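A.B. asks: only the shape, not the letters, is given here:
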């Protein structure tokens, strides 16, 4: 039967685009090497019609499919299981711009286009596609949409979902649903688009998307602020929102240990402020230009100093300095890896709940696991913390994780749940959090999700065993 | 069986909250008097638990339900059919604020709260809930969400969907799904929220929502511009977006006949500009204050004059003048009613397609129905036109509609479809466009929608015969 399927797939795609599985680490293993699978084959369709034909062939043979973009996911949702019986459907050959419509501020692209290339296509037209995240050089827009990616500008522009006006999808039956007109308003029935967005390839395959572009702001500016507590950070956020409105595009926080790790492992990176309990990185933009923006940012920082919300501040004097400050922020994950294995939590909470949650949960962790070190940073403006736990200084990370990872996850997720938070803010569920989900999400919601899965993928061919 | 149900409902809600149907025009007829139904009873639950108990009782008795908010809909989706066998579930008694969280910029309210009261609750906290539309004095937030309402600030703040962070829903089984934490990022499975939003009560009953608030802008300003063509309006929109970014909050267009009708029927309203082919109403805001905003608006209008995009402009000198200009815009529908019966089309298109669509479709209408008058106005910034057709001057409107309404709809919707547009931008499908939908939407999309309906409301108790 599998041989028959491979023959069918070769007929559909040609020999060259059906790669036998077993020795394709770029497709069968995730980049962090946490999940090593084995595929029956990796197929590389070049068109939506080919994707549809592949899905229909898989349905006929009762073989399941794993859609894959840039394979940069963090939850194991894009690699095959170990059975050797799944087909990995790589979208990477579908990587062209289909249509740019500047007067509608939309860009329609194939799902396999790399995010950075999407950003570039917008920039080439003097416009902005604001989705931005660490993996942008290799992740694909189809993967971004399937996981409803977040990133650093969500505060201003929203998640991937809010930046997508329409999709083309191959359904689990191998039919093609197209909605790429780029409408900003369309109330003709159920919101299929948002159902496929964030479904992690379990309901169908996103093959193209119409994305919403924005005007390029005339200027952007980065500032760093030293504060004494997360409570002050939240107050600063409110002040910044009030004064800058939609011109506040980023509001990141980093606890002292996060920046200590960057200092330790990347001493060459600029850290203009003296160590302090919490550092805020603010990014803002202005349609008028640099001078005006600088004046506004200085006004904000001046008031924050006056109100006692911050103790010190540094304003980038150039684009290069801005990049330097962001570089520090983006080096936290890497510095943490250099320090050794750790336990990551990508959580979200109501912004108002974050100071108490953080203080209480850190105290509870310290009490139970004395000396434990918390790498706590993230997108405060979106209520999203990367609340990561590192073993005590000098401890043996692998054995600490073996012994305590479950207990630490339980403690953190219990605290998240008590605040009405989410155990996956922007990374998705995939394989990693699938077993945790039923403990953390309401039974009613899960039952509704299962009914939807059953309705749209009755044969279970689309990425089975992920999410649900 | 019906008597048993009424007994059950009385036990659940008390005698006073079960009103026998047949003489309840406020609930059984829409406000435009287009649909006159007859309910078995109108029930008025006071809590989510009561809503759930009502739904379960209806399921037990095999009787269907029509959820109803302010009964201000335009497509007949909120009134019962004529069978006398449906239960109208009015949410109007559930009208309280549940929780205001200023630091999270969220407001949680019962679904039956009137939109204006929601706006007021936000304003009382110094914040903004930006959803705004003509019926705001009587429509409810639950109805706004069930129809994914648009309104006048979509360009800046999005539709109702984009202003909602979470819902409480009574499912078609009478279970309660609650997601009112106010998270801005949550990637833990399928997007149930956006499925219930815009479903027009056919999948469940929205009983509460957590809404996203925004800072109040320090100043807002309204301007009117005279232009020669829709093409110039689109160019002006691009310029305004470029210069004002997110501070451009409204961009409305009105053709000459729209404003002529307002002049004729409401001569006391201010129309500061001489009649011209197309008038643009621009609204913009600024976080800094009035003086700064006026400078920016004058800069925009100056450049637009210089670039030849507009022929004349007027800037409101006061809040009262701003309101006056908006009052003209909002009086178009009423002026049109005063002029007589007409055929309404609430359509959306890619912004870039609007100039050609408008010119070509008006020409085709003129050729086929000489003398026909087009009331063409709407939210150009969102690609949303109210493309309404009035019989020739002096003609008999009722007989014109009887003879030509179908042909005119077909002509307009064919043209919309050819541009990839939508036959319902912000009003929904309801009863009015249910038969049109299968002709205008892809069969694949409709089949997916039917599967979802079947999965989430297998017994068909929720507002049957609407949308699908």
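C.D. replies: Done, it's in. Everything quoted here is computed from the prediction, not taken from an experiment. Numbers count the residues shown, from 1 in each chain, chains lettered A, B, ... in the order given.

A.B. asks: what does the helix or strand harbouring residue A:10 rub up against?
C.D. replies: Using DSSP states H and E, residue A:10 maps to helix A:2-13. Defining contact as Cβ atoms under 8 Å, 6 or more residues apart in numbering or on different chains, one finds that helix A:2-13 is touched by A:18, A:20, A:40-41, A:43-46, A:50, A:53-54, A:57-58, A:60-61, A:63, A:85, A:87. Heads up, the C-betas are built off the backbone N, CA and C, glycines and all.

A.B. asks: for the residue in the stretch 51-200 of chain A positioned nearest to chain B, helix, strand, or coil?
C.D. replies: Closest contact between the stretch 51-200 of chain A and chain B, by Cβ to the nearest Cβ, is at residue A:181 (3.2 Å). Put simply, residue A:181 is coil when judged by DSSP: H, G, I helix; E, B strand; the rest coil.

A.B. asks: so how far is residue A:454 from residue A:116?
C.D. replies: 37 Å (Cβ to Cβ, to the nearest Å).

A.B. asks: quick one: contacts of the biggest helix by length in chain A?
C.D. replies: Using DSSP state H to define each element, chain A has its longest helix at helix A:397-418. Helix A:397-418 has contacts (Cβ under 8 Å, 6+ apart) with A:340-343, A:345, A:347, A:349, A:357, A:360-361, A:364-365, A:368-369, A:372, A:387, A:389-392, A:422-423, A:436, A:439-440.

A.B. asks: quick check: the residue nearest the centre of chain A vs residue B:246, distance?
C.D. replies: Residue closest to the average C-alpha location in chain A (Cα atoms, centre = their mean): residue A:149, at 3.6 Å. Counting by Cβ to Cβ, the gap from residue A:149 to residue B:246 is 21 Å.

A.B. asks: domains of chain A?
C.D. replies: If you go by automatic domain parsing, the domain ranges for chain A are A:2-90, A:97-215, A:219-333.

A.B. asks: can you say which of the ones you listed is packed in most?
C.D. replies: Greatest average neighbour count among the domains of chain A goes to domain A:97-215 (a mean of 23), per mean count of other Cβ atoms under 10 Å in any protein chain shown.

A.B. asks: just how off-centre is that domain within its chain?
C.D. replies: 14 Å (Cα atoms, centre = their mean, to the nearest Å).

A.B. asks: same question for that domain, mean pLDDT?
C.D. replies: When pLDDT is averaged over domain A:97-215, the result is 97.

A.B. asks: any idea how far apart the tips of stretch A:143-156 sit?
C.D. replies: Chord length of stretch A:143-156, first to last residue, is 21 Å (Cα to Cα, to the nearest Å).

A.B. asks: and it with chain B, contact?
C.D. replies: Yes: contact of stretch A:143-156 with chain B (Cβ under 8 Å from any Cβ of the partner chain) involves A:147, A:148, A:150, A:154, A:156.

A.B. asks: confirm that the second one sits in a strand.
C.D. replies: No: secondary structure assignment places residue A:148 outside any strand; it is coil (three-state DSSP).

A.B. asks: quick check: it touching residue A:163?
C.D. replies: No: the pair residue A:148 / residue A:163 is not scored as a contact, 10.1 Å apart, by Cβ atoms under 8 Å.

A.B. asks: list the ones among the contacts of helix A:397-418 that fall in strands.
C.D. replies: Counting by DSSP state E, the part of the contacts of helix A:397-418 found in strands is A:342, A:343, A:347, A:387, A:389, A:390.

A.B. asks: now the phi/psi pair for the residue nearest to residue A:149 when sequence neighbours are not counted, please.
C.D. replies: The spatial neighbour of residue A:149 that comes closest, neighbours along the chain excluded (Cβ to Cβ, 6 or more residues apart in numbering or on different chains), is residue A:160 at 4.6 Å. Residue A:160 adopts backbone torsions of phi -50, psi -40, taken as degrees, to the nearest 10.

A.B. asks: how much space separates residue A:160 from residue A:154?
C.D. replies: On the measure of Cβ to Cβ, residue A:160 and residue A:154 end up 9 Å apart.

A.B. asks: by neighbours, which of the ones in strands among the contacts of helix A:397-418 wins?
C.D. replies: Highest neighbour count within the ones in strands among the contacts of helix A:397-418, by other Cβ atoms under 10 Å in any protein chain shown: residue A:347, with 29 neighbours.

A.B. asks: OK, contacts around it?
C.D. replies: So residue A:347 contacts A:384, A:385, A:387, A:412, A:416, A:421, A:422, A:423, A:424, A:425 (Cβ under 8 Å, 6+ apart).

A.B. asks: do you know the pLDDT at it?
C.D. replies: So, for residue A:347, pLDDT stands at 97.

A.B. asks: the strand or helix carrying residue A:221 pairs with which strands, and in what direction?
C.D. replies: Using DSSP H and E, residue A:221 sits within strand A:219-227. In the sheet, strand A:219-227 lines up against strand A:278-286 (antiparallel), strand A:312-315 (antiparallel) (DSSP bridges).

A.B. asks: can you give me how far that strand is from the chain middle?
C.D. replies: Distance, centroid of strand A:219-227 to centroid of chain: 23 Å (Cα atoms, centre = their mean).
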